[in-house]
Every structure is written in C-alpha cells, then in structure tokens.
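Participant: Task: produce atomic coordinates for the following.
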Amino acid sequence: MIWLHPGVLIIFGAFLIPLIRWKTAKKTIFVLLPVLAFFILLMTSFGYFGSLPFVTWKVSVLGKELVFGRIDALSMVFAYVFVIAAICMNIYSLHVERDWEHVAAMLYVGSTLGATFAGDLFTLYIFWETMAISSLFLVWFRRTKAAHDAGFRYLLWHIFGGACLLSGIVMHVINTGSTEFTNFLSYLGKGFDSIPYYLMLIGFMLNAAVPPLHAWLPDAYPEATVTGAVYMTAFTTKCAVYTLARAFPGAEVLMWLGAIMAMYGVVFAMIQNDGRRLLSYHIVSQVGYMVCGVGMGTYLALNGAVAHAFCHILYKALLFMGMGAIIEITGRSKLTDLGGLYKYMPMTFYLYMVGALSISGLPLFSGFVSKTMTVYASAELHQPIVWFLLEGATIGTFACIALKLPWNVWFKERKIELTAKEPPKNMLVGMALMAFLCIFFGNYPGYHILYGILPYPVEFEPYEPLRVVETLEFFMFITLAFILFKNKFEGEDKIVLDLDWFGRVLGSRFISFCEGSLMNFASFIDRKFSNMAKKIKMTFTNPEHIFGANYGSMQVLNTKDTKINFKNQNTIKISTGGALLIILIFMLFYLAIYLIF
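Facilitator: Numbering: from 1, shown residues only. Just a heads-up that it's a prediction; the model follows:
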C-alpha cells in the first residue's frame, strides 16, 4: 500500500478552503485536514505501509535523489504532536472568517510535516523556507503597523538563516556528493572543512531561537493575529529541535547554549509587561531544555528533549490560547491594562492554569514527565552548572507564568474599566482539548504512551517519591515568596532592551549613512562621470578639440538640449558609431603593441 504524505495532503487541501462558499463545508475541511493526517500516522505506526523505518516518495532531479518520506521513530513522534496540535488549533480558530489566514496556517503545518519527513537536504530546505514564508503571513494578517514592521524583521532574520542553511548544504554536496540528511556531528571541529556544517548548525539554531539568534521570536509572535500566534508557538522552534536532534546530537556547544538559553528566557520574561511577549520569552527558555538535551547526547537526554518538545507544543499553545482569548475579548495584552477578569472569564483562567502548571513541571501535569528527564540527564553526566541553570529556570517559570501573569490578568485590581466575557465556544473547546492532553500525558497511562513512541528505549520513572517531594517543596517556597512580595510582580509599562538593540541601532545608522552620505557621494560621482561623458562625446563629434585646428567658428546654443551649430562647411563631424570605431581601432592597436613587445 502506497504511503500518503500527511504534509502534502494538508498543503493541497489548504487551497480548497477559499474555493468553497458554504461556510459549514469550509470549516469541516479545515478541521478534517489534520484529522486525516492523524489517521495516516496511525496507519503508519500499525504497519499498513510497511515496518518502520522505511523510505518512500523518492524523486530524481538533476542526478540528485530527493526523498520526501523518511519515516522512523524520531520523525514520527514529532509528526504526531504537530498533527494533534493542529487539530486543537484549527478548532480554536474556527470563528476566524479570513480564508487566506487559514490557508497560511495549513501551509505552515504541512510544510513543517514536510521538513520532518524529509530524507535529503534539498527537500528539507524547500519545506524549511515554506515554513518561514507561510508563518510570516500569520503576522502580517493582523494588519497593524507594529505587525508589518515585526513581520519584516522576522523575514530578514529567516532570510539570513535560510542563506546559512543553503550555503552549508551546497558546500556539503560539492564536497561529498551526498544530499542525505543525516548525522553531521563527526564533521565538526575539523577547521575549514567544518565550515559547511557550522553554517547548517547556525541555520538550525536560528530557527530554534538560540541566543543571540533569538530576537525574531519575542519580536514577531506578540504581533501576530490571535490565532496565528498559537500556530507559531508550535512549529518553527520544535522543527528546529528535530533537525538538531537528527543532525547534531551530542554537540557539546548545544548543551551549554541550551542551559544558558533556559535561564536567559526566564530572566527576560520576568520583566515583560506584554502578556504574549512574556510567553514568547518562555518559548526561548523551554526550547533551551530541548537544545541542552540534544547537546548532552545520551539516550536519556535525547528522549527528554523529544518528550519535552512534544509536551511543550501542547501546553505552550494552551497558554497562548488563554492570552489570545483575553486579547480577543478585551483588545488588550499589557499587564498594566488588565486585571480583575476572573469574575468575567473564570473558565479561561482554569484552562490557562492547566498550561501554566504543565510548563512549570508540577507533578500530574505533562511538563513534569518530560522536563525531569533532561534535568536528571544533566545530573547523570555530572554537569552541576547545567543542572543548576535548568532547575533555576524551572523556578523562574513557575513564578512568572503560574503566579505573575495570572495574578496581573485575572485578580489584580484593574486601573481601567473593562468589559469582558468568555470567548467564543470554539476557542474554549480548543483550549479544553489542549488542557485534557496536558493532564493525560502527565499521568498514567498517558506518559507511558508518550515514552513508548520516543526514539530510544526509556528506562526512567518520573514519579519517584523523592523527586516528587523535592519538586513540591520548590513550588511551595516560590508560592510563599510570591505571597509576601507580590507587589514586586506587578507589570511595569517600560521598554525592555534585548540583544537585537545592537542590530537595530547599527542598522538604523547604516540606513542613515546610505540615505545621506553615501547617496551624496554617489550623486557627486554621477555628476562627474556625466560631465566627462559629455566632454568625450563633444570631443569626438568635433575633432578640433583634439587637434586644435580652426576648422570654422562654433556657436553653442544654450537650450535645454545643448546643440553645437557650425557656420562653416569645412567643419568635420563624426558620428557616435564612427567615434566608437576609432576607439576600437586604438584599443586593437594598443593590444597588438602589448602582445608584440
């Protein structure tokens, strides 16, 4: 039986949405696309298309083999969570009437699946760039100046990342003749021969938002549409984690960058005033756990990275859904503009808190069964600094997302009058499904199912009594500190500078230089060359300027187009073509002399 590519199904199905006029049918197709993809994945797991792993959908182009279907345990676990998340997100987005926004979202989902199943580097690159372009429109569809500017910066970042990736791919193919997307770790650390692989690594790290290549994420995600931001939380960064796990497992630099990244995101999230920007920095932090796990490279650490990517997609989407519901109803996202919404939106609060407790890693929620694998792997490798950074990030995450944000949004006394209500039912249903999955995978048998689809054998039990007690103690002390100093957790309306400040300042100065001094210099050079060209033309039109002969009197008429009139019939005139012929003869004469002597 021929395997049907779920990503291709979603991509082609997306273009049916704007062609259908009946709204019910339009919405049905929108939800059915990821549902059908999910059933294809189930059939794949049960061996209907062959036993795993297998390779299919191979096409030969210009002597190179493109592989659109490389199906194994690693690609399947990411594909499952991408499709499951897309089902919930599509339900959450049903109230949106913009067909082309739905098309962009489905292209985004389908291209992510395409990159996940890609077996060669060129296929990966094609879907990689499709992801960037389609997600860009999820920002621009908000139709605000801030969204337009953020989308443009988002585009520039991903053009740079795509250029690095493509450069590395081309250099690798030229050097080896192979296009296979495989483990490249052995190519690192070999001087100039490693340049292609470092370029690919930079391209992957940019999409994973590894500092200092992360600024595009907290810049663009808060400016996307309410539903578009939910999609963006799931696919770009987690697909990048997949590529890192595939190509560079065990790269030590990723372990240290990931650990720093986890703490970096928490610190910047704590000082944010915009709710979605706060959550965006926590994407940076949580992806840090995954990058760190990939860098450690042991089976336990890699399983932890993959499991955490799986769980993170679910609870982070739920958190953005909750904050998106606030924006949908109130039109506000700043913590200083919100407060006291619990009596209007209690259901939204409870669903949000499931995601908040999941990302914090509280027992009985999904984040606990995934995050602890990575933290425990760092202890097994005797990396105390890494362990400290990861545990510190966990504490900061709970304080920020489970305490600071909900208190500012739902319970703090608000400073301005707001009218609010629960969001549309489809949004609550999408959130409820995500909340159910966060709880399901945090308990038995959910986490056993999750561990069963991980790429490597799992010998880890998250609910060891000591581990559970230690985690609860952490959270109790943080909660006590919050109660005592909660006034310190109020949002502040201020500008927070990140590392992209340097790029923005240097970029603005470079643009000013180009528009000012450089353009003035260019105009000066243009005038000089124009005058020189006019003199040369005048000279060859009237050779008396060369020989000084007085062939006749000359009168220059000062008109718009300067013309030269000669009163004497003896005046010598040469056409432009003749002048060029004379120049060519002189050049040939010079060349002959040069070759002879």
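Participant: what's in contact with stretch 202-216?
Facilitator: 128, 153-154, 157-158, 160-162, 164-166, 168, 217, 236-237, 239-241, 243-244, 247-248, 257-258, 260-261, 264, 283-284, 287-288, 290-291, 498-500, 503 (Cβ atoms under 8 Å, 6 or more residues apart in numbering). Glycine gets a C-beta too; all of them are placed from N, C-alpha and C.
Participant: Generate a PyMOL selection restricted to the buried entries among those.
Facilitator: To isolate the buried members of the contacts of stretch 202-216 in PyMOL, using 16 or more other Cβ atoms under 10 Å:
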select buried, resi 128+153+154+157+158+161+162+164+165+166+168+217+236+237+239+240+241+243+244+247+248+257+258+260+261+264+283+284+287+288+290+291+498+500
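Participant: hang on, residue 79 packs against residue 34?
Facilitator: No - Residue 79 lies out of contact with residue 34 (Cβ atoms under 8 Å); the separation is 10.9 Å.
Participant: and the two? which has more neighbours close in?
Facilitator: Counted by other Cβ atoms under 10 Å, residue 79 and residue 34 do not tie: residue 34 has more neighbours, with 27 against 23.
Participant: Setting aside sequence neighbours, what's the nearest residue to that one?
Facilitator: Nearest residue to residue 34, sequence neighbours excluded (Cβ to Cβ, 6 or more residues apart in numbering): residue 86, at 3.8 Å.
Participant: which helices and strands sit right next to the helix or strand encompassing the one you found?
Facilitator: Residue 86 belongs to helix 73-92 when assigned by DSSP states H and E. If you count contacts as 3 or more Cβ pairs under 8 Å, 6 or more residues apart in numbering; DSSP states H and E, helix 73-92 packs onto helix 6-14, helix 23-45, helix 99-117, helix 226-232, helix 236-247, helix 299-330, helix 425-440.
Participant: and these as a markdown table, adding mean pLDDT and distance to residue 213?
Facilitator: A markdown table is the format used below for the helices and strands packed on helix 73-92 (pLDDT from 0 to 100; distance: least, Cβ to Cβ, whole Å):
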| stretch | mean pLDDT | distance to residue 213 |
| --- | --- | --- |
| helix 6-14 | 97 | 26 |
| helix 23-45 | 96 | 30 |
| helix 99-117 | 97 | 18 |
| helix 226-232 | 97 | 17 |
| helix 236-247 | 97 | 10 |
| helix 299-330 | 96 | 18 |
| helix 425-440 | 97 | 29 |
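Participant: Would you reformat these as TSV and include distance to residue 512?
Facilitator: Formatted as TSV, the helices and strands packed on helix 73-92 follow (distance: least, Cβ to Cβ, whole Å):
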stretch	distance to residue 512
helix 6-14	42
helix 23-45	46
helix 99-117	34
helix 226-232	32
helix 236-247	32
helix 299-330	35
helix 425-440	44
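Participant: check contacts around residue 31.
Facilitator: Contacts for residue 31 (Cβ under 8 Å, 6+ apart) come out as 87, 90, 91, 94.
Participant: re the thing from before, could you check the pLDDT of the residue nearest to residue 34?
Facilitator: On pLDDT, residue 86 comes in at 98.
Participant: Check residue 586 too.
Facilitator: Reading off the confidence values, residue 586 has pLDDT 68.
Participant: cool, residue 151 as well?
Facilitator: pLDDT at residue 151 comes out at 95.
Participant: contacting residues for the spatially closest residue to it that is not a sequence neighbour?
Facilitator: Of all residues not flanking residue 151 in the chain, residue 139 sits nearest, at 4.0 Å (Cβ to Cβ, 6+ apart). Shown in contact with residue 139 (Cβ under 8 Å, 6+ apart): 147, 150, 151, 154, 220, 223, 224, 225, 228, 232.
Participant: Got the confidence number for the fourth one?
Facilitator: What the model reports for residue 154 is a pLDDT of 95.
Participant: what's the answer for the fifth one, then?
Facilitator: Model confidence at residue 220, given as pLDDT, is 96.
Participant: Which helix or strand contains it?
Facilitator: Using DSSP H and E, residue 220 sits in helix 216-220.
Participant: same check, this time on the third one
Facilitator: Residue 151 belongs to helix 145-176 when assigned by DSSP H and E.
Participant: So which other helices or strands are in contact with that helix?
Facilitator: In terms of contacts (3+ Cβ pairs under 8 Å, 6+ apart), helix 145-176 is packed against helix 121-140, helix 195-207, helix 216-220.
Participant: Specify the stretch among the ones you listed that is closest to residue 305.
Facilitator: Residue 305 lies closest to helix 195-207 among these, at 13.5 Å (Cβ to Cβ).
Participant: Quick one: mean pLDDT for the closest one?
Facilitator: 97.
Participant: circling back to that earlier point, tilt between the helix holding residue 151 and helix 236-247?
Facilitator: Angle of helix 145-176 versus helix 236-247, following axes from the mean of the first three to the mean of the last three Cα atoms, to 10 degrees, is 10 degrees.
Participant: Hmm, residue 271 is touching residue 495, no?
Facilitator: No - contact criterion Cβ under 8 Å: residue 271 and residue 495 do not qualify, at 10.5 Å.
Participant: Those two: which has the busier surroundings?
Facilitator: Taking neighbours as other Cβ under 10 Å, residue 271 and residue 495 compare with residue 271 leading, 13 against 6.
Participant: From residue 32, how far off is the more buried one?
Facilitator: 43 Å (Cβ to Cβ, to the nearest Å).
Participant: Most neighbours of all the contacts of residue 31, which one?
Facilitator: residue 90 (24 neighbours).
Participant: Output whatever helix or strand residue 507 lives in as PDB, nothing but the C-alphas.
Facilitator: Assessed by DSSP H and E, residue 507 sits inside helix 500-513. The C-alpha trace of helix 500-513 is given here as PDB (Å, rounded to 0.1, in the frame of the first residue of the first chain):
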ATOM      1  CA  ASP A 500      18.600  43.000  19.000                       C
ATOM      2  CA  TRP A 501      19.000  46.500  20.200                       C
ATOM      3  CA  PHE A 502      22.600  46.500  18.800                       C
ATOM      4  CA  GLY A 503      21.400  45.300  15.400                       C
ATOM      5  CA  ARG A 504      18.600  47.900  15.400                       C
ATOM      6  CA  VAL A 505      20.900  50.800  16.300                       C
ATOM      7  CA  LEU A 506      23.600  49.800  13.900                       C
ATOM      8  CA  GLY A 507      21.000  49.000  11.200                       C
ATOM      9  CA  SER A 508      19.400  52.400  11.500                       C
ATOM     10  CA  ARG A 509      22.700  54.200  11.400                       C
ATOM     11  CA  PHE A 510      23.700  52.200   8.400                       C
ATOM     12  CA  ILE A 511      20.500  53.100   6.600                       C
ATOM     13  CA  SER A 512      21.000  56.800   7.500                       C
ATOM     14  CA  PHE A 513      24.500  56.600   6.200                       C
END
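Participant: buried set for it?
Facilitator: In helix 500-513, counting by 16+ other Cβ under 10 Å, buried: residue 500.
Participant: so after it, what's the next helix or strand?
Facilitator: helix 519-541.
Participant: what packs against that following helix?
Facilitator: Using 3+ Cβ pairs under 8 Å, 6+ apart, helix 519-541 sits against helix 544-547, helix 576-596.
Participant: per-stretch mean pLDDT over those helices, give me the minimum one.
Facilitator: Among the helices and strands packed on helix 519-541, helix 544-547 carries the lowest mean pLDDT (a mean of 52).
Participant: ok, and what's touching the helix holding residue 507?
Facilitator: For helix 500-513, contacts defined as Cβ under 8 Å, 6+ apart pick out 215, 219.
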